[in-house]
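J.: Any chance you could fold what I've pasted below:
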Amino acid sequence: MTKIYITFFMLLLSMNVYSQNISGNFSIEAQTYKADSTIGAQSVDEQILSNAFLNLIYRNENFEFGIRYENYMNPLLGYDQRFQGQGIAYRYGKYLNDFLEITAGDFYEQYGSGLILRAYEERALGLDNAIDGINFRINPIRGILLSGLIGKQRYFWNKGDGIVRGGNIDLELNEIFEDIITKDLLINLGASVVSRFQNEYDPTLKLPENVLSYSGRAGIVYNKFSIDLEYAYKYNDPNSTNKYNYNSGQGLIITSSYSTSGFGLLLSAHKLDNMDFRSDRNARANDLTINYIPPLTKQHVYALAAIYPYATKANGEAGIQSELTFKLPSGTILGGEYGTPININFSIVKSIDTARIDKFTYDSPFFGIGDRIYFQDFNLDITRRITDNLKIGLTYLNQIYDKDIVENEGAPFYGKVNSNILIFDGTYNLTDNQAIRLELQHLWSKQDSTLKDLDFQNGNWAHILVEYTIAPEWFFTFYDQYNYGNYFEQAQVHYTNFSVAYFRNSTRLQLSYGRQRGGIICVGGVCRAVPASNGLYFSLTSSF
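T.: Here you go, the predicted structure:
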């Protein structure tokens, strides 16, 4: 089958080989692994593991064709080993004009915020839940978009058992009633319906073969104020992640913001109950997810701030987030010569209020919020330009992280982690194209150990990073993370790493060597575990 796809695509290329209708991108990551008992890093029999892909897209007037070749020989540690192998993992054909767009084959799609449907790819997580089938979009009149799909989801090199079907409508009222609605007011409405069909095999439980979900949403923008909300309902869906309970699912997301020159305010909240939705009721982890819950917590980029990341609990959580951004004016004592931007962010995620009725059902008032804090994050970020060549930033964070909930499915073993983090980030421009950046980070925390009679420092970290840049081509980076506060002396080690990156147009080449800390990596509230490693890392990406 792979040879058929390649032959077909090469035929398309030969039809217009001298045109500019061909585009794509390429990536390869490879790493050597050296055993390091101090950090728990393991060696591998192959000595080198790698992930790679090549995308090719051909466009000609109203037609578009694409394929993606993937190669995992064998997958990097931390990626699911079921990716092992090579072949054409993604292929599609598309026809589009001003009225109609039809895709046959593999595709990604999202309805609204993703509360009941988001098929997407996130390579950092090893996540790809593309749908293989038919997807269409129709613009019957200006301001109205109708879409629908049917297919099965990617499951590594196979397809999931369940059939996914969906329909969606988006209305831009300003386009439809352009002579009635003032330009200062933007109103968008939308509604979606998604269902899953999967044969029922269980000998003891009566499981629904068809599971229906629907959602409605509205967005309003008026001058400097905006508000978006979406509500979703999912009929009973007993599955592996909810321990086969028969409750229906509900989700509500509200986001509002106000912004003006030098000032911005964001307020958001969500409530989720039994909203894990998959095309296979027995799937776990990140496998075969149909929907996506946008994260309510800030996505941190600094290394120590991301040690305790939060993964959204689709089956039950309630949370709020607020963010205030303002700028102290320039030419004042507090603002300095250039002005001083300040960002304050606070988020908290808690359990939902539930009362068990029987083995398979529970009662949960929609606005009922529980007492247990899953995650809490307060952070303050101040940035200030001292001179034309010197810019510094200070960040403080306080986080509460329920390790049992996030990493152990609620079983009492680890306890909560309460951490404080202080970060200094300074950049000095040596010349017009050369700069040096310094990061100093410190994390200190107390957490319960697995030995419940002990209360000790188990998570203190120090981090230093120095980066030298010769723009726009060269980046040289050195960092050292030191887990000096670990209770076990043998675990008080340095994670030292050096890397060099080279850029040329749309091509990026990186080479690094050293230790990498094991832990959890999260992107957009979705996480995967990453083992500690010691070795040489190589990366090459390019687009054309």
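
J.: helices or strands up against the longest strand seen in the chain?
T.: Counting residues, the longest strand in the chain under DSSP state E turns out to be strand 369-385. For strand 369-385, the packing partners by 3 or more CB pairs under 8 Å, 6 or more residues apart in numbering; DSSP states H and E come out as strand 316-328, strand 340-352, strand 390-402, helix 403-408. Every C-beta, even on glycine, is put in place using the N, C-alpha and C of the backbone.

J.: Stretch 169-183 - what's its average pLDDT?
T.: Stretch 169-183 comes out with an average pLDDT of 90.

J.: Please shift the residue numbers so they start at 69 in all later answers.
T.: That works, and once the first residue is 69, the last one we named lands at stretch 237-251.

J.: buried ones in that stretch?
T.: For stretch 237-251, the neighbour count (16 or more other CB atoms under 10 Å) marks 237-242 as buried.

J.: Just those: which are in helices?
T.: Judged by DSSP state H, the buried residues of stretch 237-251 include 241-242 as members of helices.

J.: Any chance of JSON lines for the buried residues of stretch 237-251, columns distance to Ala374?
T.: Below are the buried residues of stretch 237-251 laid out as JSON lines (distance: CB to CB, whole Å):
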{"residue": "Ile237", "distance to Ala374": "38"}
{"residue": "Asp238", "distance to Ala374": "34"}
{"residue": "Leu239", "distance to Ala374": "39"}
{"residue": "Glu240", "distance to Ala374": "37"}
{"residue": "Leu241", "distance to Ala374": "40"}
{"residue": "Asn242", "distance to Ala374": "39"}
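
J.: just the buried residues of stretch 237-251 now: which is nearest Val279?
T.: Of all these, Val279 sits closest to Ile237, with 21.0 Å by CB to CB.

J.: wait, the closest one sits on Val261?
T.: No. The criterion here is CB atoms under 8 Å, and Ile237 misses it with Val261 at 9.5 Å.

J.: Give the next helix or strand downstream of the helix or strand of the chain with the lowest mean pLDDT.
T.: Lowest mean confidence among the helices and strands of the chain (mean pLDDT, DSSP states H and E): strand 523-525, at a mean of 41. Using DSSP states H and E, the helix or strand that follows strand 523-525 in sequence is strand 529-538.

J.: That following strand pairs with which strands?
T.: Here strand 529-538 is paired, per DSSP bridges, with strand 502-516 (antiparallel), strand 542-550 (antiparallel).

J.: Show me what that strand is in contact with.
T.: By CB atoms under 8 Å, 6 or more residues apart in numbering, the residues outside strand 529-538 that reach it are 371-372, 375, 501-511, 543-553.

J.: Which entries within the residues you listed meet the buried criterion?
T.: Among these, those scoring as buried are 371-372, 375, 503, 505, 507, 509-511, 543, 545-551, 553 (criterion: 16+ other CB under 10 Å).

J.: so where's the stretch 469-612 of the chain shaky on pLDDT?
T.: Along the stretch 469-612 of the chain, the parts satisfying pLDDT under 70 run over 515-526, 555-558.

J.: One more pass at 90, please.
T.: 471-472, 474-484, 513-528, 551-560, 586-597 (pLDDT under 90).

J.: isn't Ile420 right up against Tyr430?
T.: No. Contact status for Ile420 versus Tyr430: not in contact, 10.0 Å apart, counting by CB under 8 Å.

J.: Give me the more crowded residue out of those two.
T.: The neighbour comparison of Ile420 against Tyr430 (other CB atoms under 10 Å) goes to Ile420, with 22 against 17.

J.: Identify the residue spatially nearest to the more buried one, adjacent ones excluded.
T.: Nearest non-adjacent residue to Ile420, counting by CB to CB, 6 or more residues apart in numbering: Gly384, 4.7 Å away.

J.: Run through the residues that contact the one you found.
T.: 340-342, 419-420, 422, 432.

J.: Helices - which of those residues land there?
T.: Judged by DSSP H, helices contain none of the contacts of Gly384.

J.: Quick one: buried ones out of those residues?
T.: Here, 16+ other CB under 10 Å leaves 340-342, 419-420, 432 buried among the contacts of Gly384.

J.: Least confident of those?
T.: Ser432 (90).

J.: Once you drop chain neighbours, what's closest to that one?
T.: Nearest one to Ser432, counting by CB to CB, 6+ apart, is Thr422 at 4.5 Å.

J.: got it, and Ile437?
T.: Per CB to CB, 6+ apart, closest to Ile437 is Ala386, 4.7 Å.

J.: With Thr328 instead?
T.: In space, and not counting its chain neighbours, Thr328 is closest to Lys292: 5.2 Å by CB to CB, 6+ apart.

J.: Gly407 - how many residues pack around it?
T.: Neighbour tally, Gly407, other CB under 10 Å: 17.

J.: ditto for the one 5 residues further on
T.: Using other CB under 10 Å, the number of residues around Ile412 comes to 14.

J.: which ones are touching it?
T.: Applying CB under 8 Å, 6+ apart, we find Ile412 in contact with 391-393, 447-449.

J.: Any stretches of the stretch 169-318 of the chain with poor pLDDT?
T.: Across the stretch 169-318 of the chain (using pLDDT under 90), the flagged ranges come out as 246-252, 268-272.

J.: Do a quick rundown of the helices in the stretch 69-218 of the chain.
T.: Applying DSSP state H, counting those that start in this stretch to the stretch 69-218 of the chain gives helices spanning 70-83.

J.: just the strands in it please.
T.: Remark: strands assigned in the stretch 69-218 of the chain by DSSP state E, counting those that start in this stretch are 90-100, 116-128, 131-140, 153-164, 168-175, 177-178, 186-187, 189-190, 195-196, 199-206, 212-223.

J.: I'd like to know which of those strands lies nearest to Glu268.
T.: Smallest distance to Glu268 across these (CB to CB): 17.3 Å, for strand 212-223.

J.: Neighbouring strands - and their directions - for the closest one?
T.: Sheet pairing here is set by DSSP bridges, and for strand 212-223 it gives strand 199-206 (antiparallel), strand 226-227 (antiparallel), strand 231-240 (antiparallel).

J.: Not counting sequence-adjacent ones, nearest residue to Tyr469?
T.: Closest to Tyr469 by CB to CB, 6+ apart is Tyr376, at 4.0 Å.

J.: ok, now which ones touch the one you found?
T.: Tyr376 neighbours (CB under 8 Å, 6+ apart): 467, 469, 471, 485, 487.

J.: can you do 7 Å?
T.: Listed by CB atoms under 7 Å, 6 or more residues apart in numbering, the contact partners of Tyr376 are 467, 469, 485, 487.
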